[in-house]
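**Q** Sequence and predicted structure, then a few things I'm wondering about:
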Amino acid sequence: MNTPSDPSTTGAEPLSARETFKALYAHARPHRWVIALGLLCALIGAAGGLLQPLATKALVDRLQSGQTIATILLALTALLMVGMVSEALGTYVLERTAHSVVLSARRSLIGRLLRLRLTEVERIAPGDLMSRVTSDTTLLRAVTTRAIVSGATGAVAFVAAIVMMAVLDAVLLGVTFGVLLLVGMGVALAMPKISQATERSQEAVGELSSGLERAFGAFRTVKASGAEERETARMQAAAQRAWQHGVKSAKWEAVASSAHEIGLQLAFLAVLGVGGARVASGDIPVSTLIAFLLYLFYLMEPVYKLVDAATEYQEGAAAISRITQAERLSAEPPAQQRAVAPPAVSRPASVRFEDVSFRYRPDLAPAHHGVSFEVPGAGMTAFVGTSGAGKSTVFALIERFYEATGGRVLVDGEDVRDWSLPELRSAIGYVEQEAPVLAGTLRENLIFAAPGASDDDIREALTRAKLDSLVERLPDGLETLVGHRGSKLSGGERQRVAIARALVRRPRLLLLDEATSQLDAVNELALREVIAEVARETTVLVVAHRLSTVVNADRIIVMEAGRVRSVGTHEDLVARDGPYAQLAATQLLAPAQ
């Protein structure tokens, strides 16, 4: 199939500030009551700290007047203990909730990504999608819990401290405000830079994941081509870009952090100077200056929390933008029912194409235009033609991997768009050209499409696919691990596993996309006999590139440039279709689409 992809990005528009906030709230909303508990604990801790300067002022006043200070010391100790316990409880609650937010986001995103339409998966690099499930969701952990609570408690504590400082001395508060204005300027400068750098760093991490997935997916080819150094350079370049943007984000985070710390230190010096003069002039007692300075130091924590919350929000906004873009990709509807294995005896399915047209993308030439044919039921139908004729596209449209842009595809006389996807696909066994085998055991691969299959079903499929002797040789039989993408099996064995997997499902319609291309002559002959046997009770459609596959087919559909040129048996077509006769004379060998 001719389906070029754009692996760079989703191409989605960046989120506005309002959309970002709504998306973040959507992730936090299911946990709002637990977050509220964490906020309450944080506020209790903040209240304890807020009362300590007043208690200290009372302590100084009592010392100056010669009164006992035991009660004040006990009160300060109690405030300290309550604050510590409350902070610890709040921290645990929030960390636990943060992990729950990440878990929920990953569950939702995984379910969405596995239902993506093929057009989306072919447009975006798998590694980039994987990074959205892994690294991007991790950034939600802080912003949906700690940032919310830190921002809320920081704001409340900041306002409360300012009120208390105003009560103590308005002049010193004015001096403090003048200096703290520097904090806002530094933070306002840094926040957009942090968000931009974080998003670009995450994009680079996605490129790195895509490169690794690409290399491990063709590991033997990489080694045989001597391409290790080139692939290493590609991935190291992505890692370097992630590092550069990460460092840039760290730089602006340092600016934001330093701005508020320098501002508070300058405020302390200014208050100390002005306050000392006011104490010397008798305008305020020394206890008031001490309490004010303690509140000024107390302000460091809520200001730090506000800056930290803003920083985490910017990082989370970058992550939520990428996550939301992935959630907006076109996906198949969720299954409304579980697909179950069809009964042991079932009628074969009929297939009909009515003037079907289709193109993979608007900017590409049509893969089908005006394709019409009918397969009434049981038997074997072979599709032949040169590369790019549209043979494999027939199977993709039957499975509804893609939707026809014109005409109708019917199974059992019903438009496939009117079938529920689980019901449609549970009736079909599909063997791809590449015959993929998944990491895991041989048994897990065989029952992948029919998890309820019995041992008898598995044995029958193994025998039919000529895999029984292989199972006997394996050290752990069906429980033997087959390796990543079936790397411990030969190409022919992987192909037979894929065929056996389809047979275990007992399909009413079996689609074989050149399913014997990697088999030797003996096994190919044996498997052709199996296919012929299956075709007596099942509708079998085969994309063929070998003459031996089609000579005994009940019907052959010859495709050319996205159209059906002729239909008939091998003998009929040789007699009346010159191009087919020429194709047959070359053994129908053609490169896979």
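**A** Perfect, thanks for sending it. Numbering: from 1, shown residues only.

**Q** Torsion angles phi and psi at Asp355?
**A** Asp355 adopts backbone torsions of phi 50, psi 50, taken as degrees, to the nearest 10.

**Q** How about the contacts made by it?
**A** When contacts are counted by Cβ atoms under 8 Å, 6 or more residues apart in numbering, Asp355 touches Gly370, Val371, Ser372, Gly406, Gly407, Arg408. In short, each C-beta sits where N, CA and C put it, glycine included.

**Q** how does this structure divide into domains?
**A** 17-327, 351-585 (automatic domain parsing).

**Q** just to revisit the earlier point, just the buried ones among the contacts of Asp355, please.
**A** Using 16 or more other Cβ atoms under 10 Å as the burial test, the contacts of Asp355 include Val371, Gly407, Arg408 as buried.

**Q** Of the residues you listed, which is the nearest to Tyr92?
**A** When the buried ones among the contacts of Asp355 are compared for distance to Tyr92 (Cβ to Cβ), Arg408 comes out closest, at 59.1 Å.

**Q** Spit out the contact partners of Leu424.
**A** Contacts of Leu424 (Cβ under 8 Å, 6+ apart): Glu399, Arg400, Val411, Val416.

**Q** Return the subset of those lying in strands.
**A** The strands, defined by DSSP state E, take in Val411 from the contacts of Leu424.

**Q** Now for the contacts of Leu424, which sits with the most neighbours around it?
**A** Within the contacts of Leu424, Val411 tops the neighbour count with 22 neighbours, counted by other Cβ atoms under 10 Å.

**Q** Tell me the spacing between that residue and Thr539.
**A** 9 Å (Cβ to Cβ, to the nearest Å).

**Q** okay, and the common contacts of these two?
**A** Ala349, Ser350, Val351, Leu509.

**Q** how deep is the last one tucked in, by neighbour count?
**A** Applying other Cβ under 10 Å, we find 23 other residues in the vicinity of Leu509.

**Q** Report the contact partners of it.
**A** Applying Cβ under 8 Å, 6+ apart, we find Leu509 in contact with Pro348, Ala349, Val351, Ile398, Val411, Ala427, Ile428, Gly429, Thr538, Thr539, Val540, Leu541.

**Q** Of those, which is the nearest to Gln196?
**A** Ile398 (45.8 Å).

**Q** Would you enumerate the residues in contact with that closest one?
**A** Residues counted as contacts of Ile398 (Cβ under 8 Å, 6+ apart) are Val351, Val409, Val411, Val416, Ile428, Leu509, Leu511, Leu541.

**Q** Is the fifth one bridged to anything, and to what?
**A** Just to be clear, that refers to Ile428. Here Ile428 sits in beta bridges with Leu509, as judged by DSSP bridges.

**Q** Test my guess that it contacts Leu511.
**A** Yes - at 6.3 Å, Ile428 counts as touching Leu511 under the criterion of Cβ atoms under 8 Å.

**Q** which residues are common contacts for these two?
**A** With Cβ under 8 Å, 6+ apart as the test, Ile428 and Leu511 both reach Ile398, Glu399.

**Q** Surely Trp540 is within a helix?
**A** Careful, residue 540 is Val; it's not Trp. No - the assignment for Val540 is strand, going by DSSP: H, G, I helix; E, B strand; the rest coil, so no helix is present there.

**Q** residue contacts, it?
**A** Val540 neighbours (Cβ under 8 Å, 6+ apart): Gly379, Met380, Thr381, Leu509, Leu510, Leu512, Ile531, Val534.

**Q** ok, and the closest non-adjacent residue to Ala449?
**A** Nearest residue to Ala449, sequence neighbours excluded (Cβ to Cβ, 6 or more residues apart in numbering): Arg505, at 4.7 Å.

**Q** correct me, but the one you found touches Ile447?
**A** No - the criterion here is Cβ under 8 Å, and Arg505 misses it with Ile447 at 9.1 Å.

**Q** Heading C-terminal from the helix or strand bottoming out on mean pLDDT in the chain, find the next helix or strand.
**A** Here the helix or strand of the chain ranked lowest by mean pLDDT, DSSP states H and E is helix 219-224, holding a mean of 63. Per DSSP states H and E, helix 219-224 leads on to helix 228-281 as the next helix or strand towards the C-terminus.

**Q** so how far is the first residue of stretch 112-130 from its last?
**A** 12 Å (Cα to Cα, to the nearest Å).

**Q** Could you list the buried residues of that stretch?
**A** Going by neighbour count (16+ other Cβ under 10 Å), the buried part of stretch 112-130 is 112-113, 116-130.

**Q** what ranges of the stretch 201-350 of the chain fall below the confidence cut-off?
**A** Residue ranges of the stretch 201-350 of the chain with pLDDT under 70: 217-226, 255-261, 263-264, 335-346.

**Q** Sketch out the strands for this structure, chain order is fine.
**A** 351-358, 368-375, 379-384, 406-411, 414-415, 428-431, 509-513, 539-543, 555-560, 563-568.

**Q** Touching the fifth one from outside, list them.
**A** Contacts of strand 414-415 with the rest of the structure, by Cβ under 8 Å, 6+ apart, involve Arg408, Val409.

**Q** distance between that strand and the chain's centre?
**A** Relative to its parent chain, strand 414-415 has a centroid offset of 33 Å by Cα atoms, centre = their mean, to the nearest Å.

**Q** Neighbouring strands of it in the sheet, and parallel or not?
**A** Strand 414-415 sits in its sheet next to strand 406-411 (antiparallel), going by DSSP bridges.

**Q** State the mean pLDDT of the partner strand.
**A** When pLDDT is averaged over strand 406-411, the result is 94.

**Q** try stretch 181-196
**A** pLDDT averaged over stretch 181-196 gives 68.

**Q** circling back to that earlier point, got JSON lines for the domains of the chain, with distance to Pro333 too?
**A** Supplementary listing: the domains of the chain in JSON lines, determined by distance: least, Cβ to Cβ, whole Å:
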{"stretch": "domain 17-327", "distance to Pro333": "8"}
{"stretch": "domain 351-585", "distance to Pro333": "7"}
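
**Q** which stretch among those comes nearest Pro334?
**A** domain 17-327 (6.6 Å).

**Q** before we move on, back to that, which of the domains of the chain comes out lowest on mean pLDDT?
**A** Taking the mean pLDDT of each of the domains of the chain, the lowest value is held by domain 17-327, a mean of 77.

**Q** Now do that domain: distance from first to last residue.
**A** From its first residue to its last, domain 17-327 covers 18 Å (Cα to Cα).

**Q** For the spatially most central residue of the chain, give its distance to Phe216.
**A** With distances taken as Cα atoms, centre = their mean, Val133 lies nearest the centre of the chain, 3.6 Å away. Distance, Val133 to Phe216, by Cβ to Cβ: 17 Å.

**Q** What is the neighbour count of the closest residue to Leu421 other than its chain neighbours?
**A** Distances taken as Cβ to Cβ, 6+ apart put Glu332 closest to Leu421, at 5.9 Å, once the chain neighbours are dropped. For Glu332, the count of nearby residues is 13 (other Cβ under 10 Å).

**Q** what sits against Glu332?
**A** The contact partners of Glu332, by Cβ under 8 Å, 6+ apart, come to Arg115, Leu116, Arg117, Leu421.

**Q** What about these, which are in helices?
**A** When the contacts of Glu332 are checked against helices (DSSP state H), the matches are Leu421.

**Q** can you redo the contacts of Glu332 as a markdown table with distance to Glu434?
**A** Below are the contacts of Glu332 laid out as a markdown table (distance: Cβ to Cβ, whole Å):
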| residue | distance to Glu434 |
| --- | --- |
| Arg115 | 22 |
| Leu116 | 19 |
| Arg117 | 20 |
| Leu421 | 22 |
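
**Q** Can you tell me which of the contacts of Glu332 is nearest Tyr92?
**A** Closest to Tyr92, out of all of those and judged by Cβ to Cβ, is Arg115, at 35.7 Å.

**Q** tell me the phi and psi of that closest one?
**A** Dihedral pair for Arg115: phi -110, psi 10, per degrees, to the nearest 10.

**Q** That one - nearest residue in space that isn't next to it in sequence?
**A** Nearest one to Arg115, counting by Cβ to Cβ, 6+ apart, is Ala331 at 4.3 Å.
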